[in-house]
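**Q** Got a sequence here, can you model it:
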Amino acid sequence: MKWGLLGGTFDPIHIGHLRCAEEILEIFDLNRIMFIPASRPPHKIDGEITSFYHREQMVRLAIENNPSFSFSDAENRKEGKSYSVETVEFILKKYLQNLELYFIVGQDAFHAITTWKDWEKLLQLCNFVVMTRPGYENKGLAGILPPEFSSRFHYEARENGFRGPTGYMIYFREVTFLDISSSRIRQRVRDGKSVTYLTTDPVRHYIINKGLYRSL
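**A** This next block holds a predicted model:
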């Protein structure tokens, strides 16, 4: 089994998230992509994000018609901040047998990977897929990771990726760039503007019916 893990705040989930997930699913012939909302993101302060319950419901609504997409509340099951390294370890422990993981991140997030908790360990726990925008010039891992660490990864032309010391790969793959952000959706809702076609209709209706993002 080959699973992709796509984490994020998803406040709210939007078309850009879904389209990128669909393309990565196809590129790597994955069996499933698991959407994992962060419960308490380390880079957010308390009260800055919508409750996990509402974000969970929106993710479930957004993916309900795609049998290759699934939801996980892994990061809401534990106390404290949500750290990717702990989430990956949890998933591996729970589903280890015959499971190949692909941790999916955006280009900007990967460029800040060295600020993440136990990032060196994380990069050696599973495969990484870095989603890049059209026109991105892939210069490898140099300049992103410290030289001593990046030297442990070697480019493999057959895989078009960088293989690390534990055998897992770091891939850079271009996906369709949709200039949509959750923050822009929230702002449009606050301004009383339409968010049609920025997210799915069920999510849009949920936002309206629950009165989300109306107040600052």
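
**Q** just to confirm, which helix or strand has the closest residue to D118 other than its chain neighbours in it?
**A** In space, and not counting its chain neighbours, D118 is closest to V85: 4.4 Å by Cβ to Cβ, 6 or more residues apart in numbering. Every residue, glycine included, has its C-beta placed from N, CA and C. Element membership for V85, per DSSP states H and E: helix 84-95.

**Q** any idea how far E64 is from the residue nearest to D118?
**A** 29 Å (Cβ to Cβ, to the nearest Å).

**Q** higher neighbour count, these two?
**A** V85 (17 against 12; other Cβ atoms under 10 Å).

**Q** Can you verify my assumption that that one contacts E120?
**A** No - using Cβ atoms under 8 Å as the test, V85 is too far from E120 to be in contact (9.5 Å).

**Q** Give me the pLDDT for P41.
**A** Note on P41: pLDDT of 69.

**Q** Please spell out which residues along the helix or strand bottoming out on mean pLDDT in the chain are buried.
**A** Ranked by mean pLDDT, DSSP states H and E, the helix or strand of the chain with the weakest confidence is helix 84-95, at a mean of 91. Neighbour counts over helix 84-95 (16 or more other Cβ atoms under 10 Å) mark 84-91 as buried.

**Q** Which strands or helices does it pack on?
**A** Where contact means 3 or more Cβ pairs under 8 Å, 6 or more residues apart in numbering; DSSP states H and E, helix 84-95 is packed against strand 2-8, strand 100-106, helix 119-122.
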